[in-house]
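**Student:** I need the structure of the sequence given here:
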Amino acid sequence: MKKIRVAAVSAALAVASIGLTATTAQAAHNCHAPYLCLYYNSNQQGAWMTSGSDIPDFAGYQFNNFGTTSAGFGQNVKNNAASASHGGITAQTARVYYNSNYSGVYDDVVPNSSRNLVNTYNENASLHFFW
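**Tutor:** As a prediction, the model looks like this:
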């Protein structure tokens, strides 16, 4: 009888740890090189979108974190991003612009850094990587 209880408890713990691992992996999201991630909330919180190339206009892009339902999930990226992180291995800086087609005020996000957007906080329209 003890062996059956021990086996049942072990099985329950194994299932619980699998669920914990999935939750931990989602919570520990990290923007990997060479991508820039834009986040719906400040301090790299909420839903995010990832890009490794220039985007002249965020129209049509949404915050989609692959099935999670964080704050901002499904919302448009254009004029809704509050923070960013850049996992870059390259030396390219990512620049988030206020206007479409890479114009207006901007926020730079250097490789291997994270920051809240200041000049383009919830007023972002394009993204450009440069050396």
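
**Student:** CA only for contacts and neighbour counts going forward, please
**Tutor:** OK.

**Student:** What's the mean pLDDT across stretch 36-49?
**Tutor:** In this model, stretch 36-49 has a mean pLDDT of 94.

**Student:** So what touches that stretch?
**Tutor:** Here stretch 36-49 makes contact (C-alpha atoms under 8 Å, 6 or more residues apart in numbering) with 31, 50-52, 62-65, 69-73, 77, 80-88, 94, 114-117.

**Student:** Need the buried ones from these selected in PyMOL.
**Tutor:** A single PyMOL command is used to select the members of the contacts of stretch 36-49 judged buried by 16 or more other C-alpha atoms under 10 Å:
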select buried, resi 31+50+52+62+63+64+65+70+72+73+77+80+81+82+83+84+85+86+87+88+94+114+115+116+117
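
**Student:** so of the contacts of stretch 36-49, which ones are in helices?
**Tutor:** Among these, none falls in helices (DSSP state H).

**Student:** The residue positioned nearest the centre of the chain is in what secondary structure piece?
**Tutor:** Closest to where the C-alpha atoms of the chain average out (C-alpha atoms, centre = their mean) is residue 48, at 3.5 Å. Using DSSP states H and E, the element containing residue 48 is strand 45-51.
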